[in-house]
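Chemist: With the input below, show me the fold.
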Amino acid sequence: MSTKNQSQTLDILEVCLLAGKIMLRGGAETYRVEDTMMRIAAAYGITHSHSYVTPTGIIFSIDRENVTKLVRINDRSTDLQKVAKVNSISRMISNGNLSVREAFEELKEVERDAHAYPILIQILAASIASGCFLIMFNGSWHDVLPAIIAGGFGFSSMLYIHRLVEIKFFAEFLASLLIGLLSIAFIVTNIGVELDKIIIASVMPLVPGLLITNAVRDLMAGHLVSGISKGAEAFLTSFAIGAGVAVVFTFIHF
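Modeler: Numbering: from 1, shown residues only. Predicted coordinates:
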């Protein structure tokens, strides 16, 4: 393999890995990440490629070139806008509208982009969602405001604690504990009426809905490692939320 061809192959490899990295960190399913990477490689003339994706890493290999690279994924969130942008870039590559260098620059720009929604908007959305969940669970309109306050406070606490301690389980546990304490305070001060409805509605923004969906989808697609690992992560998150509320009821007999 000539030096020029080797350099071009490595550039294509970097484009594929960068696209997969952005998608996986944004909350995309494992099968979608693998399919996108292989489609990009095929669009640039590499028809024999293999990708292996787990929630914590990506391995991409090109046959006949003896080129393999691993990318470690340390943090994941939910940013479907970036996933959509990478899909759009992938389609442009498949249509022959982007060179390797242009595609890499476009992907780097997507990676540098801030989250689709600022933190204040996320907290506001979590607050409104908590109030809506309370009504959906047949709660009283009198409890809408306590649910909005508790849900927004719990979600903001989770974001803040997660910045201080990079253990997501710990952040979700403390956030649900604070939601339980605040909900009890609303009941004691006669601001709220139904404690259970307030707590359930307030913790809903913390529930890993996308993670559970992706776990089931990956299992159905045959990606057993990714499906089981995502399911385990969702289980730990749910356990942390339940444990936080349980601790409040254990030490405060209300």
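Chemist: need the helices for this structure, in chain order.
Modeler: When assigned using DSSP state H, the helices of the chain occupy the ranges 3-25, 30-43, 80-94, 100-112, 119-136, 144-164, 168-188, 195-203, 209-220, 224-251.
Chemist: Out of these, which is the most enclosed?
Modeler: Neighbour counts averaged per stretch over the helices of the chain are highest for helix 195-203, at a mean of 24; criterion: mean count of other C-beta atoms under 10 Å. C-beta coordinates here come from the backbone N, C-alpha and C atoms, glycine included.
Chemist: Give me the residues contacting that helix.
Modeler: When contacts are defined by C-beta atoms under 8 Å, 6 or more residues apart in numbering, helix 195-203 is touched by residues 130-131, 133-134, 137-140, 143, 146-147, 150-151, 154, 176, 179-180, 182-184, 186-187, 192, 241, 245, 254.
Chemist: do stretch 204-221 as well
Modeler: 27-31, 78, 125-126, 129-130, 133, 151, 154-155, 158, 172, 175-176, 226-228, 230-231, 233-234, 237-238, 241.
Chemist: Now stretch 67-77: buried residues?
Modeler: The neighbour-count criterion (16 or more other C-beta atoms under 10 Å) identifies 67, 71, 76 as the buried residues of stretch 67-77.
Chemist: In strands, which of those appear?
Modeler: 67, 71 (DSSP state E).
Chemist: quick one: pLDDT of residue 65?
Modeler: According to the per-residue confidence, residue 65 scores 67 in pLDDT.
Chemist: and if you look at residue 85?
Modeler: 93.
Chemist: correct me, but it touches residue 112?
Modeler: No - using C-beta atoms under 8 Å, residue 85 makes no contact with residue 112, being 11.7 Å away.
Chemist: before we move on, back to that, need the buried residues of stretch 67-77 in TSV (columns: distance to residue 103).
Modeler: Output for these, formatted as TSV (distance: C-beta to C-beta, whole Å):
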residue	distance to residue 103
67	18
71	17
76	23
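Chemist: low pLDDT regions in the protein?
Modeler: For the chain, the stretches with pLDDT under 70 are 1-5, 65, 116, 253-254.
Chemist: Break it into its domains for me.
Modeler: Per the record's domain assignment (automatic domain parsing), the chain is made up of the domains 3-112, 119-251.
Chemist: contacting residues for the closest residue to residue 14 other than its chain neighbours?
Modeler: Taking C-beta to C-beta, 6 or more residues apart in numbering, and ignoring the residues beside it in sequence, residue 14 has residue 104 as its nearest neighbour in space, at 6.4 Å. Contact criterion C-beta under 8 Å, 6+ apart gives 11, 14, 15, 18 as the residues in contact with residue 104.
Chemist: repeat for residue 162
Modeler: Residue 162 is in contact with 168, 171, counting by C-beta under 8 Å, 6+ apart.
Chemist: gap between the residue lying closest to residue 179 once chain neighbours are set aside and residue 173?
Modeler: Ranked by C-beta to C-beta, 6+ apart and with sequence neighbours excluded, the top spatial neighbour of residue 179 is residue 154, at 3.9 Å. Noted for residue 154: a distance of 11 Å to residue 173, by C-beta to C-beta, to the nearest Å.
Chemist: Repeat that for residue 54.
Modeler: Here the criterion is C-beta to C-beta. By it, residue 54 lies 25 Å from residue 173.
Chemist: just residue 41 next, same as before
Modeler: Distance, residue 41 to residue 173, by C-beta to C-beta: 42 Å.
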